[in-house]
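# Quick one, structure for this:
(one chain, ligands or ions: 1)
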Amino acid sequence: MKLVLWAIMCFGLLTLPGTVAVAGSDTVPPPQPFGPVPTDRQLRWHELEFYGFLHFTVNTFTDKEWGYGDEDEKVFNPTAFDADQIVSVAKRAGMKGLILTAKHHDGFCLWPSQFTEHSVKNSPWKGGRGDVVKEVSAACRRHGLKFGVYLSPWDRNHKNYGRPEYVTYYRNQLRELLTNYGNVFTVWFDGANGGDGYYGGAREKRQIDNRVYYDWENTWGIVRELMPGAVMFSDAGPDFRWVGNERGIAGDPCWATMNIAGRYPGGSSANLNSGERPGTQWLPPECDVSIRPGWFYHASQDGQVKTPRELLDIYYKSVGRGACLNLNLPPDRRGRIHEDDIRSLTEFRRILDATFSHDLTKRATLTASNTRGGSKQFAPKNLLDHKRNTYWATDDNVTAPELVLAFGKPVTFNVVSLREYLPLGQRVEGFALDQFKDGQWVEFAKGTSIGNLRLVRGDYLTTEKVRLRITQSPVCPALAEFGLYAEPSQTRPPKH
Ligand code: FUL
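I've put the predicted structure just below:
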């Protein structure tokens with residue numbers, strides 16, 4: 001017996017329920033992944049959390065949302081285009097990247113494509129020598145933002161739209177964009193397709209079969225070949241999905257997984273908002289929404305820019321539900337972001353910074369009801385280091401553990417953040433949060449999915465202890481973050 005105790009003390013040999021005997025903390029094996037897991041490129045995309053759209057084209061000058069395709073190229077003439085102004089506004093708002101409408105449904109190209117005359121090269125802007133894609137991509141590089149492209153599959157200008165020749169044209173343009181403008185982090189494939197248009201003068205209605213016309217597998221293959229790190233968006237992936245609405249709101253629950261059999265770009269939007277569990281593939285949602293009612297700039301909408309409070313609500317219901325937020329900032333006819341939009345963005349950012357720059361858990365001690373193999377590698381302190389690649393996990397048979405944050409004195413907060421360690425899949429299906437009140441635990445929130453991030457935002461609470469209970473999980477949880485924050489008081493969310 002003495003010998004056994006000696007061995008335990010010297011070598012850390014111990015047997016825990018549900019685990020194998022382990023020698024030393026470093027040899028505890030990590031949990032097995034659960035279900036579909038993200039690819040490396042999807043993991044990098046998850047880290048962005050917040051980026052923006054730039055909707056800019058002939059529509060900006062014709063005051064339309066969908067150009068017919070017959071626009072005179074001469075209408076495109078920004079008076080004071082300034083890519084640095086646009087990108088620096090996005091950067092100050094906290095965006096990590098920008099996606100430019102290189103070509104919208106009207107077919108007008110913001111770069112001098114060699115495959116069409118319907119582009120900036122026939123506009124008066126910069127004497128026909130301008131290139132918006134070049135200027136915005138270069139400004140993104142200068143300011144440290146990622147650059148992405150929106151290349152509308154539907155083209156209401158092209159005479160061959162609907163025929164096989166157009167698909168070749170479309171792919172040629174994709175190749176131009178992916179070879180001449182440096183690194184591209186995403187290609188955004190819009191789902192709107194077919195209908196009436198100019199089509200080289202035919203002025204008729206053309207319908208295509210979304211499932212076969214673009215031969216997506218081979219079109220996506222061009223992106224994989226030329227820009228292997230880029231992620232692709234469509235209603236059906238392949239890397240991230242549409243969230244099913246243009247209000248910027250993810251479902252609750254919001255699962256990162258989907259069953260992709262039978263899905264195709266422009267197809268059914270069923271379950272895109274909440275995802276599907278179980279699912280066959282990791283296909284997380286992007287919430288796209290405009291800061292104004294329209295996607296393009298219209299002077300008549302200057303008074304309708306979303307308020308900081310509205311933007312915050314969207315942020316908590318998109319990023320705070322594990323999605324990425326793609327917020328559209330439409331450049332105006334000068335080719336700059338309008339002052340009204342900047343004002344709203346600035347206040348929105350100020351509130352987010354005031355909230356998240358101060359994590360109250362810094363002053364807390366954290367204890368867990370179980371730690372995997374008793375190992376430091378999976379210790380609860382990993383939840384407080386703000387690193388995505390360190391995590392707390394439990395033994396395989398412990399699927400309903402608890403964590404307690406103790407502050408030693410009362411703290412006031414109204415936001416709780418939780419994050420799963422995504423390389424092991426989306427595991428947790430239910431959690432609850434308690435505050436310690438009048439000598440007992442009282443539940444103040446509960447939820448389902450966590451995923452990349454779950455921000456629980458509610459009324460201000462003051463307590464000395466907070467408890468997280470994992471209430472449902474098919475396997476042991478693996479969490480990377482547990483944070484507590486207080487929004488500046490004037491931004492209290494409305495009471496429900
Ligand atoms: C939609 C388009 O039809 C809109 O014009 C806009 O580009 C939006 C982001 O996607 O499908």
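
# Just want the residue of the stretch 151-300 of the chain that's nearest the ligand.
A192 (3.7 Å; CB to the nearest ligand atom). In short, each C-beta sits where N, CA and C put it, glycine included.

# Leaving out the residues flanking it, which one is nearest to D252?
Closest residue in space to D252, ignoring its immediate chain neighbours: R321 at 6.0 Å, by CB to CB, 6 or more residues apart in numbering.

# likewise W66?
H105 (5.4 Å).

# do the same with P265
Nearest non-adjacent residue to P265 (CB to CB, 6+ apart): S234, at 3.7 Å.

# Was I right to think the one you found contacts T186?
No. Checked against CB atoms under 8 Å, the pair S234 and T186 is beyond contact range at 11.1 Å.

# more neighbours, those two?
T186 (28 against 24; other CB atoms under 10 Å).

# got the contact list for the more buried one?
By CB atoms under 8 Å, 6 or more residues apart in numbering, T186 lies in contact with 45, 97, 99, 146, 148-149, 230-233.

# pretty sure V404 is touching V466, no?
Yes. Shown here, V404 and V466 form a contact pair, counting by CB under 8 Å, at 7.4 Å.

# ok, these two, which is more surrounded?
More neighbours surround V466 than the other of V404 and V466, with 26 against 19 (other CB under 10 Å).

# so what's that one up against?
The neighbours of V466, taking CB under 8 Å, 6+ apart as the test, are 404-405, 413, 416, 433-436, 484.

# Keeping just the C-alphas, turn the host helix or strand of it into PDB.
Using DSSP states H and E, V466 maps to strand 454-472. In PDB, the C-alpha atoms belonging to strand 454-472 read as follows (Å, rounded to 0.1, in the frame of the first residue of the first chain):
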ATOM      1  CA  ARG A 454     -22.700  32.900 -26.900                       C
ATOM      2  CA  LEU A 455     -23.300  36.300 -25.400                       C
ATOM      3  CA  VAL A 456     -26.100  36.300 -22.800                       C
ATOM      4  CA  ARG A 457     -27.300  39.800 -22.300                       C
ATOM      5  CA  GLY A 458     -29.900  40.800 -19.700                       C
ATOM      6  CA  ASP A 459     -30.700  42.900 -16.700                       C
ATOM      7  CA  TYR A 460     -27.900  44.100 -14.500                       C
ATOM      8  CA  LEU A 461     -27.200  41.800 -11.600                       C
ATOM      9  CA  THR A 462     -25.100  42.300  -8.500                       C
ATOM     10  CA  THR A 463     -23.700  39.200  -6.800                       C
ATOM     11  CA  GLU A 464     -20.600  37.700  -5.300                       C
ATOM     12  CA  LYS A 465     -20.800  34.400  -7.100                       C
ATOM     13  CA  VAL A 466     -21.900  33.200 -10.500                       C
ATOM     14  CA  ARG A 467     -22.400  29.600 -11.500                       C
ATOM     15  CA  LEU A 468     -22.500  28.000 -15.000                       C
ATOM     16  CA  ARG A 469     -24.300  24.600 -15.200                       C
ATOM     17  CA  ILE A 470     -24.000  22.500 -18.300                       C
ATOM     18  CA  THR A 471     -27.400  21.000 -18.400                       C
ATOM     19  CA  GLN A 472     -27.300  18.900 -21.600                       C
END
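
# Pairing partners for it, with directions?
Counting by DSSP bridges, the strands paired with strand 454-472 are strand 402-420 (antiparallel), strand 430-437 (antiparallel).

# elements contacting the next helix or strand after that strand?
Heading C-terminal from strand 454-472, the first helix or strand you meet, by DSSP H and E, is strand 478-485. On a contact count with 3 or more CB pairs under 8 Å, 6 or more residues apart in numbering; DSSP states H and E, strand 478-485 meets strand 392-393, strand 402-420.

# Which strands and helices lie in contact with the first one?
Using 3+ CB pairs under 8 Å, 6+ apart as the contact criterion, the secondary-structure elements in contact with strand 392-393 are strand 478-485.

# Pipe the strands paired with strand 454-472 into TSV and attach distance to A364 and mean pLDDT per row.
Below are the strands paired with strand 454-472 laid out as TSV (distance: least, CB to CB, whole Å; pLDDT from 0 to 100):
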stretch	distance to A364	mean pLDDT
strand 402-420	4	98
strand 430-437	12	98
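
# Turn those into CSV, columns for distance to the ligand.
CSV is the format used below for the strands paired with strand 454-472 (distance: least, CB to the nearest ligand atom, whole Å):
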stretch, distance to the ligand
strand 402-420, 28
strand 430-437, 33
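
# Okay, buried residues for the helix or strand containing E310 please.
In this structure, E310 sits in helix 308-318 according to DSSP H and E. Neighbour-count burial for helix 308-318, counted by 16 or more other CB atoms under 10 Å, picks out 308-309, 311-318.

# contacting residues for the residue in the stretch 351-496 of the chain that the ligand sits nearest to?
Taking CB to the nearest ligand atom, the ligand has its nearest neighbour within the stretch 351-496 of the chain at N452, 21.9 Å off. N452 makes contact with 46, 49, 256, 284, 322-323, 419-420, 422, according to CB under 8 Å, 6+ apart.

# pretty sure P265 contacts N210?
Yes. With contact defined as CB under 8 Å, P265 counts as touching N210 (6.3 Å).

# With adjacent residues omitted, what lies nearest to L177?
Closest to L177 by CB to CB, 6+ apart is V149, at 5.1 Å.

# Direction-wise, compare the strand holding V466 with strand 478-485 and give the angle.
Strand 454-472 and strand 478-485 are oriented at 130 degrees to each other (axes from the mean of the first three to the mean of the last three CA atoms, to 10 degrees).

# Centre of the chain to strand 454-472, how far?
24 Å (CA atoms, centre = their mean, to the nearest Å).
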